[in-house]
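[1] Please find the sequence and the predicted model below.
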Amino acid sequence: MSVLELFRLDGQVAVVTGGGKGIGRGIALCLAEAGADVAVVARSRADVEGVADEIRGMGRKAAAYVVDVTAPGEVEQLADTAAAEFGGFSIWVNNAGGLPDATPRYLTRTPEDRWDAQMDLNLKAVWTGAVAAARRMTEGGAIINTSSRAAHGGHIKNGPYAAAKAAVNSLTQTLAIELAPRIRVNAIGPGPIRTQNFDESIRLDEEKAEAFLKTLNIPLARYGLPTDIGAAVVFLASPAASWITGQCLYVTGGS
């Protein structure tokens with residue numbers, strides 16, 4: 001097999017949560033371009049149908065599922081449905097996450113219900129998704145969790161999210177040990193990606209975007225793109241990463 005062929009995903013099936021827009025859409029489209037059929041999962045019917053249509057336009061098979069990943073029963077049903085419709089799956093991307101109310105929080109000013117909402121979406125959903133996937137990956141596969149650059153260090157006004165993502169890294173490492181050698185488990189850690197969720201969480205508009213970029217001191221001097229993250233996920237899912245597990249690959253422009 002040539003080195004370029006190692007990055008192909010022909011004949012594989014991927015499930016991508018949070019796949020309706022932003023980073024998740026970028027991941028789903030990159031996986032499809034690399035040859036995978038894709039189950040696109042999100043809470044918005046219009047979003048997942050739109051991405052699924054784009055994937056079908058590439059000549060790949062796609063399905064659109066409306067799922068609340070914070071409901072464990074729905075995640076289990078998703079895994080059963082995707083496995084039945086596609087005849088199994090070998091890639092599962094736990095990408096759903098973010099700030100449920102689009103509001104950054106100080107740790108000391110976070111109401112308990114808002115803490116629980118962040119943990120349910122950014123940590124518990126990763127665990128339930130990974131467990132559901134692993135139970136059905138009878139032939140092995142790859143699980144990829146979306147972490148964040150925020151997992152490193154302290155993050156004022158972003159404490160609950162940062163804590164959840166740091167925990168995702170630990171969960172990833174433990175799952176990698178428990179599921180080896182049959183299933184590889186890795187994480188991807190995006191830096192600042194200009195998505196709707198990103199802009200809403202920090203109340204950023206186009207006028208402020210350039211000025212805010214300068215404050216971030218990113219060595220590569222630009223915001224990331226969803227395809228930057230999608231390409232990294234393709235690598236971690238592919239045979240090119242067959243000897244990589246328990247790692248978080250940070251895609252941050254050097255920040």
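    All right, it came through fine.

[2] Spatially nearest residue to Gln247 (excluding sequence neighbours)?
    Distances taken as Cβ to Cβ, 6 or more residues apart in numbering place Asn186 nearest to Gln247, at 5.1 Å, with adjacent residues excluded. From N, CA and C alone the C-beta is placed, and that goes for glycine too.

[3] and the helix or strand where the one you found lies, what does it pack onto?
    Here Asn186, judged by DSSP states H and E, is contained in strand 183-190. Using 3 or more Cβ pairs under 8 Å, 6 or more residues apart in numbering; DSSP states H and E as the contact criterion, the secondary-structure elements in contact with strand 183-190 are strand 141-146, helix 159-179, helix 226-237, strand 248-251.

[4] Out of these, which gets nearest to Val93?
    If you check each of the helices and strands packed on strand 183-190 against Val93 by Cβ to Cβ, strand 141-146 wins as the nearest, at 4.8 Å.

[5] tell me what the closest one is packed against?
    For strand 141-146, the contact count by 3+ Cβ pairs under 8 Å, 6+ apart identifies strand 91-94, helix 125-136, helix 159-179, strand 183-190, helix 226-237 as packing neighbours.

[6] give me that answer again for 10 Å
    Helices and strands touching strand 141-146, as assessed by 3 or more Cβ pairs under 10 Å, 6 or more residues apart in numbering; DSSP states H and E, comprise strand 13-17, helix 22-33, strand 91-94, helix 125-136, helix 159-179, strand 183-190, helix 226-237, strand 248-251.

[7] so what's the nearest residue to Leu175 once chain neighbours are set aside bridging to?
    Residue nearest to Leu175 in three dimensions, not counting chain neighbours: Val185, with 4.3 Å by Cβ to Cβ, 6+ apart. Under the criterion DSSP bridges, Val185 forms beta bridges with Ile143.
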